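Q: What follows is a protein structure lacking sequence information:
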């Protein structure tokens, strides 16, 4: 009966075209999705989790910008198949998959990472601009007000995960700012959710090998195989909670007015 039900579920997933493109073809209920809006700290979180598992299991493999896609893959190639094993090829660990998708009812286990929208929009603007996804003539002010990529897109993405949870779905919220404030504690909480008890030394090593400085060295070393050759922009940012400080006052106010309700639900008070 269980096998029959699983076959039925698989068939249902493949027929549901609304969500199919954000699922691997070999999707499993045990998969854990790391979900965030772009530039919310998802890559840092992948490094932290990967390094925590690396030191916990004593694995002799470096976590860097080249290997991270193999260790904790991302959903960016449509609904292609992913390796059936978990991080580092360990069969006893569920797969952990990065995604920037809006709400998907077939993501049964979700770690949702949210960042202050005032900082997300600023970071995403420079990311898109320097990698040719946005015109060089586009100002930050106009980008913020763009319905496709600006603050409205962040609002819709975030609301979708807060307001459309279905029964049986497990969605655990973490904020980028809390990770910045106490990385060890939040990483420990997250790893506990994944079923791992880490000692203090393992946590410290995972944090050290996922630091901004270490990740920037890795970015420079592996740029040719991971990102475009562009030394004017660092994918790894300043790793701090600016709360919109660099923004013009009118732009900051616009973001706050547009996101105040959903931001308050998360814990951001403007």
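A: Happy to help now that I have it. Since the structure is predicted, the reported quantities are computational estimates derived from the model, not experimental observations.
Q: what stretches of this structure score poorly on pLDDT?
A: 1-17, 77-79, 221-242 (pLDDT under 70).
Q: Helices along that one, start to end?
A: Assigned by DSSP state H, the helices in the chain fall at 2-15, 17-20, 42-57, 68-71, 117-130, 140-144, 151-163, 176-181, 183-193, 200-208, 212-226, 249-266.
Q: Kindly present the ones you listed as a markdown table, with separate columns for mean neighbour count and distance to residue 26.
A: Bear in mind the C-beta positions are built from the backbone N, C-alpha and C, glycine included. Below are these laid out as a markdown table (neighbours: other CB atoms under 10 Å; distance: least, CB to CB, whole Å):
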| stretch | mean neighbour count | distance to residue 26 |
| --- | --- | --- |
| helix 2-15 | 10 | 9 |
| helix 17-20 | 12 | 13 |
| helix 42-57 | 22 | 20 |
| helix 68-71 | 18 | 16 |
| helix 117-130 | 22 | 30 |
| helix 140-144 | 19 | 37 |
| helix 151-163 | 18 | 24 |
| helix 176-181 | 18 | 30 |
| helix 183-193 | 17 | 24 |
| helix 200-208 | 16 | 28 |
| helix 212-226 | 15 | 24 |
| helix 249-266 | 16 | 33 |
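Q: Just put those in JSON lines and tack on distance to residue 80.
A: Output for the helices of the chain, formatted as JSON lines (distance: least, CB to CB, whole Å):
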{"stretch": "helix 2-15", "distance to residue 80": "13"}
{"stretch": "helix 17-20", "distance to residue 80": "12"}
{"stretch": "helix 42-57", "distance to residue 80": "18"}
{"stretch": "helix 68-71", "distance to residue 80": "12"}
{"stretch": "helix 117-130", "distance to residue 80": "24"}
{"stretch": "helix 140-144", "distance to residue 80": "31"}
{"stretch": "helix 151-163", "distance to residue 80": "22"}
{"stretch": "helix 176-181", "distance to residue 80": "28"}
{"stretch": "helix 183-193", "distance to residue 80": "27"}
{"stretch": "helix 200-208", "distance to residue 80": "29"}
{"stretch": "helix 212-226", "distance to residue 80": "18"}
{"stretch": "helix 249-266", "distance to residue 80": "32"}
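Q: out of the ones you listed, nearest to residue 98?
A: Between residue 98 and the helices of the chain, the shortest separation by CB to CB is 5.6 Å, and it involves helix 42-57.
Q: Cool, thanks, signing off.
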